[in-house]
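Trainee: Have a look at this prediction, sequence included:
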Amino acid sequence: MLTPPSRRSFLRFAGLSVVTLPFLTEQQLAYAALPQQNSGTTVMPKPQDAAAAVHRPRTVLPPGAVKIDANENPLGPAPVALAAIASSAVTGGRYDQNGYVSSLTDTFSKQNGIPADHIAVYAGSTEPLNYSIMAFTAPGSPFITADPSYDGPLGTAAAVGAPVIKLPLTPTYGHDARAMVAAAKQTGNGLMYICNPNNPTGTLTPREDILYALENKPKGTVLLVDEAYIHLSSSPSVIDQVVAGKDIIVLRTFSKVYGMAGIRCGFAVARPDLLARLQHFGMNSMPITAAAAANASLLDASLVPARKKIIADTRNQTFAFLTAKGYKFIPSESNCFMIDTGRPGKQVIEAMRAQNVYIGRIWPVWPTSVRITVGTPDEMAKFEAAFQQVMSA
Ligand code: PLP
């Protein structure tokens with residue numbers, strides 16, 4: 001059974017006052033993967049090195065740099081979002097006198113047929129992702145994930161002392177629902193994490209596999225489905241399972257298709273008793289500009305299909321190039337994909353950086369693969385030229 005919210009978990013973290021809880025975003029993970037600035041060395045700091053990632057000043061990239069290392073959206077916020085930011089900012093002297101967060105919740109509630117009390121708005125999905133780990137994992141309650149999958153939560157799982165069970169992807173690069181359930185049954189509790197589409201592969205886990213995990217998990221385990229990239233893919237959402245009252249938390253963000261990574265807005269969608277477990281760790285006020293921009297973006301019905309097509313067209317052009325040149329990559333339905341370079345990925349990353357092209361990091365389980373974010377057509381043309389040069393060296 002899921003245990004009710006208690007002061008126990010809070011006290012657990014009170015005892016951790018000397019431990020940094022590293023809530024890393026893609027930007028911080030990308031930055032942590034860069035060689036140390038000004039040190040003259042090429043030592044890679046560990047992505048989990050929260051202090052390095054969070055506190056060092058932001059890298060200023062050289063002029064003309066191609067930045068395709070953090071799964072950002074080069075299209076940025078939509079025009080309707082920018083207009084909403086400008087108009088809402090005028091009332092920024094007060095907290096939320098116009099009810100921007102309520103309006104955003106109501107819009108999402110109506111559009112998805114979800115009761116408003118099943119929706120919590122956060123400044124991005126990083127917070128509810130990490131709060132889920134803090135709420136549902138512990139030294140005897142594992143964090144069960146795929147390898148490779150999004151590495152942002154790993155530092156938090158380590159900080160709470162949870163066992164991290166990393167399972168290989170299936171042959172079609174989905175999460176292995178059966179293996180996840182088997183792992184969960186060993187303790188009967190903890191958190192299973194399914195990132196769909198997956199970061200870094202951009203590949204899908206079939207809906208029936210996610211439902212298998214939900215139906216067959218032990219009672220005390222919670223399923224966390226991260227739908228950060230769902231709008232870029234053909235995958236159906238599993239948000240209907242929240243409405244059906246299941247032990248599931250679904251995360252959404254405005255950082256990807258909506259181009260608002262720096263504006264910061266996201267949702268945790270779950271039964272109120274599960275949301276209460278996250279809210280136990282705090283709930284800051286939202287920036288009204290972010291809530292207003294998110295609401296305007298949701299109300300623009302043309303935005304998602306138009307952007308999905310732009311990103312897919314650019315991605316498919318890049319795939320055509322990689323195929324024509326015989327490079328090995330995993331076809332993706334997202335704004336990122338993996339190339340197997342056949343040589344140490346870190347060397348490729350460094351060599352690309354020397355060409356002023358900043359590509360994403362490696363995952364230790366696949367040390368010869370590098371993650372590429374889909375940029376603009378012009379950025380991808382520069383990527384192609386640099387990649388050919390690097391690979392022929
Ligand atoms: N989940 C996944 C799979 C991500 O890739 C990211 C960031 O790239 C996040 C969550 C967190 O994003 P944000 O806090 O910007 O919403």
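Mentor: Sure, I can see it.
Trainee: From here on, just use CA atoms for contacts and neighbour counts.
Mentor: Fine.
Trainee: Contact distance from the ligand - what residues of the stretch 201-350 of the chain qualify?
Mentor: Residues of the stretch 201-350 of the chain lying near the ligand by C-alpha under 6 Å from any ligand atom: 226, 228, 253, 255, 261, 266.
Trainee: so what's the second one up against?
Mentor: With contact set as C-alpha atoms under 8 Å, 6 or more residues apart in numbering, Ala228 has these partners: 125, 195-197, 251-256.
Trainee: ok, stretch 167-181 near the ligand or not?
Mentor: No - judged by C-alpha under 6 Å from any ligand atom, stretch 167-181 makes no contact with the ligand; its nearest approach is 13.2 Å.
Trainee: Buried residues in that stretch, which are they?
Mentor: 167-169, 173-177, 179-181 (16 or more other C-alpha atoms under 10 Å).
Trainee: Identify the bridge partners of the residue of the stretch 251-393 of the chain found nearest the ligand.
Mentor: Going by C-alpha to the nearest ligand atom, the ligand is nearest to Thr253 of the stretch 251-393 of the chain, at 4.4 Å. Following DSSP bridges, Thr253 is listed with bridge partners Gly266.
Trainee: Could you count how many residues lie near it?
Mentor: Counted by other C-alpha atoms under 10 Å, the residues lying close to Thr253 total 27.
Trainee: could I get the contacts of Ala228 as TSV with pLDDT?
Mentor: Shown next, in TSV, are the contacts of Ala228 (pLDDT from 0 to 100):
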residue	pLDDT
Ser125	97
Cys195	98
Asn196	98
Pro197	98
Leu251	98
Arg252	98
Thr253	98
Phe254	98
Ser255	98
Lys256	98
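Trainee: Neighbour-wise, give me the winner out of those residues.
Mentor: Neighbour max across those (other C-alpha under 10 Å) = Pro197, 32 neighbours.
Trainee: and the closest residue to it other than its chain neighbours, what is it in contact with?
Mentor: Excluding its sequence neighbours, the residue lying closest to Pro197 (C-alpha to C-alpha, 6 or more residues apart in numbering) is Leu204, at 4.7 Å. Leu204 makes contacts with 173-174, 196-198, 235, 333, as judged by C-alpha under 8 Å, 6+ apart.
Trainee: and if we set it to 6 Å?
Mentor: Contact analysis of Leu204 by C-alpha atoms under 6 Å, 6 or more residues apart in numbering lists 174, 196-197.
Trainee: count of residues packed around Val374?
Mentor: For Val374, using other C-alpha under 10 Å, the count is 28.
Trainee: same deal with Thr368?
Mentor: Neighbours of Thr368 (other C-alpha under 10 Å): 19.
Trainee: isn't it right up against Lys346?
Mentor: No - Thr368 lies out of contact with Lys346 (C-alpha atoms under 6 Å); the separation is 7.9 Å.
Trainee: Thr107 belongs to a helix?
Mentor: Yes - assessed with DSSP: H, G, I helix; E, B strand; the rest coil, Thr107 lies in a helix.
Trainee: List the single closest residue to it in space, sequence neighbours excluded.
Mentor: Using C-alpha to C-alpha, 6+ apart and skipping residues adjacent in sequence, the residue nearest Thr107 is Asn295, 6.9 Å away.
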